[in-house]
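Colleague: Quick one, structure for this:
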Amino acid sequence: MLPVASLVFLTPLLTPPPSNLPLTSSSSSPSRPLRHPRPPLRHPQPTAALLESLRADLQRDDWMPLQTEPRWRNPCFFTSWITAVSVQQALAFGQWPAFGLGPLLVLLSSLVYWRDPQRETWRRTLDLLVVRVGMASHVLLALLLCRPAGVCALLGGYACGGVCYAVGRVLTVRGQRRRGAVVHSGVHVFANLGNLALLRVG
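Modeller: Numbers count the residues shown, from 1 in each chain. Below is the predicted model of the structure:
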């Protein structure tokens, strides 16, 4: 039996050309209406299904962050200290408090949360608020005070950090909490690389 796709391509060859002669009925063989081939079955697009699955995972709230013993072994905790480099470099480049105060507040809020991460806690709410406000103010100040190359470097670091945040969340939701924490650490790494690139380029 030919596949359905083959029938679709062969249909123009198998269909007789139109005739101008009127159709005549035969008593021996009654005429039957022409049957058109069925359209090919449409399978769901794998890319669309994947994106829908990722969206659903990002919206789930039945997950818990990685818990380690001792607590400092959590990769998100010790990579939070990287933000101290952004604070130190802002002081070294004479950019305090414009590009140093925000990272300092992010450093403190991250350490407060990641020393004992819990999803339903005020410490996570505080950390998310400080990080979002800090990043937004950093971008705004960069747009006002820095060259376009520095702004692009900062946004590139933040974009990579955003990807790490999303992938880390999906891994955590799917039960791979250690891998999720390792990938989430990329938020701290890339965001601070963006801060440092801004200081050097901007």
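Colleague: tell me which element the nearest residue to His188 once chain neighbours are set aside falls in.
Modeller: The shortest distance from His188 to any residue other than its chain neighbours is 4.2 Å, reached at Thr79 (C-beta to C-beta, 6 or more residues apart in numbering). The C-beta positions use only the backbone N, C-alpha and C, and glycine is treated the same way. Secondary structure assignment for Thr79, by DSSP states H and E: helix 75-80.
Colleague: any idea how far that helix is from the chain center?
Modeller: 21 Å (C-alpha atoms, centre = their mean, to the nearest Å).
Colleague: In three-state terms, label the residue nearest to Met64 when sequence neighbours are not counted for me.
Modeller: Nearest non-adjacent residue to Met64, counting by C-beta to C-beta, 6+ apart: Arg119, 5.8 Å away. Here Arg119 is recorded as coil under DSSP: H, G, I helix; E, B strand; the rest coil.
Colleague: Next one, pLDDT for Arg119 please.
Modeller: Note for Arg119: predicted pLDDT of 91.
Colleague: need the contact list for it.
Modeller: Arg119 makes contact with 61, 63-65, according to C-beta atoms under 8 Å, 6 or more residues apart in numbering.
Colleague: same deal with Met135?
Modeller: 102, 158, 191.
Colleague: Quick check: it vs Val183, distance?
Modeller: 19 Å (C-beta to C-beta, to the nearest Å).
Colleague: again with Trp72
Modeller: 19 Å.
Colleague: so what's Val131 closest to, chain neighbours aside?
Modeller: Val106 (5.5 Å).
Colleague: circling back: out of the contacts of Arg119, which is most surrounded?
Modeller: Pro65 (20 neighbours; other C-beta atoms under 10 Å).
Colleague: Contacts for the helix holding Thr79 next, please.
Modeller: 65-66, 71-72, 107, 110-111, 114-115, 117, 181-182, 184-185, 188-189.
Colleague: cutoff 6 Å now
Modeller: 110-111, 114, 181-182, 184-185, 188 (C-beta atoms under 6 Å, 6 or more residues apart in numbering).
Colleague: what are the ranges of the helices in the chain?
Modeller: 4-14, 46-59, 75-80, 83-92, 101-114, 122-145, 148-173, 177-201 (DSSP state H).
Colleague: May I see these arranged in JSON lines, with mean pLDDT as well?
Modeller: Formatted as JSON lines, those follow (pLDDT from 0 to 100):
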{"stretch": "helix 4-14", "mean pLDDT": "41"}
{"stretch": "helix 46-59", "mean pLDDT": "88"}
{"stretch": "helix 75-80", "mean pLDDT": "96"}
{"stretch": "helix 83-92", "mean pLDDT": "98"}
{"stretch": "helix 101-114", "mean pLDDT": "97"}
{"stretch": "helix 122-145", "mean pLDDT": "97"}
{"stretch": "helix 148-173", "mean pLDDT": "97"}
{"stretch": "helix 177-201", "mean pLDDT": "97"}
